[in-house]
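Engineer: One predicted model, sequence on top.
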Amino acid sequence: MADRRHALERIDPTVAHSARRYNYLLGGKDNFAADRASGDEIQRHMPAIRLAALENRAFLQRAVRFLASNGIRQFLDIGTGIPTADNTHEVAQRIDPTARIVYVDNDPIVLTHARALLTSTPEGRTAYIDADLRHPRDILDDPDTRETLDWTKPIAVMLVAVLHFIRDDEDPQGIVDTIIEALPPGSFVVVSHSTWEYLPPEAIEKLELANPGGRFKARTGEELAKLFEGRLDLIEPGVQSASLWWAEDAAQPRPSIEDVAFNAIVGRVRAA
């Protein structure tokens, strides 16, 4: 209870936050006027942003189903966001009730909803920690992370729609390397990342104007792949639009890559 009270004190409803804006774009109600205004501003320059958010979420669910169906029973979901339908633990535990999941986010409003993320099956386990991807050792060394996950067995790290909030001057390569180096053999990494490479130049120019301070860093598929070069063996089709990643398992017809401005990868961690 004290953690939730402290979280409420940290919430500033006058400043847009990525998790709440994403909740708004997904059609949720856990957001403020500033988040809605920010989402509407992005939508003016990227009209299909709501579709892109939904497709990104669907990619997460397909990736979790794939991994859980292939024996992965542990997930470290970083940049969780506000709970919505079919969260990582719900998808994984539907396949194996013993699955274990640690959720990570640094938005205080997510902490206030943590109870919804902790509704594990009796056989499995879930935990939520309040931490920031910019400090990966804090995530890896957190007591709840260490106790919930068995670090002698494979773990899937979910970096879904979060790396684009790490600027180049915040050492995204170092963050990725720190996480991957800590993972047990046989582990996986799941990533989706916003990209503007399919958008017309005039739209990109307007999006950059709407991104003061460069808090948001869109990257091309090539730039995304480079962050994981030599670290992962990518599952086919490799770096691909989230719309087309295993499109045969998704609702039809598929939206265009221009409308779904996210690239996605799933890769197995290479043996040291």
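Structural biologist: Perfect, thanks for sending it.

Engineer: okay, which residue is most central for this structure?
Structural biologist: Nearest to the mean C-alpha position of the chain, counting by C-alpha atoms, centre = their mean, stands residue 160 at 2.1 Å.

Engineer: Kindly provide the distance from the residue lying farthest from the centre of the chain to residue 12.
Structural biologist: In the chain, residue 202 marks the outermost C-alpha relative to the chain mean, sitting 27.6 Å out by C-alpha atoms, centre = their mean. Applying C-beta to C-beta, to the nearest Å, the value for residue 202 to residue 12 is 33 Å. Where C-beta positions appear, they are placed from N, C-alpha and C, glycine not excepted.

Engineer: Residue 89: neighbour count?
Structural biologist: Counted with other C-beta atoms under 10 Å, the neighbours of residue 89 add up to 26.

Engineer: That one is in contact with residue 123, isn't it?
Structural biologist: No: with contact defined as C-beta atoms under 8 Å, residue 89 does not reach residue 123; the gap is 11.9 Å.

Engineer: Pairing partners for the residue nearest to the centre of the chain in the sheet, please.
Structural biologist: Beta-bridge partners of residue 160, counted by DSSP bridges, are residue 192.

Engineer: contacting residues for it?
Structural biologist: Each residue near residue 160 by C-beta atoms under 8 Å, 6 or more residues apart in numbering is listed here: 56, 59-60, 77, 79, 190-192.

Engineer: Dump those into CSV; add neighbour count, distance to residue 27 and secondary structure as well.
Structural biologist: Below are those laid out as CSV (neighbours: other C-beta atoms under 10 Å; distance: C-beta to C-beta, whole Å; DSSP: H, G, I helix; E, B strand; the rest coil):
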residue, neighbour count, distance to residue 27, secondary structure
56, 23, 14, helix
59, 27, 17, helix
60, 22, 16, helix
77, 27, 21, strand
79, 24, 19, coil
190, 24, 23, strand
191, 26, 24, strand
192, 29, 19, strand
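
Engineer: Thank you kindly, that will do.
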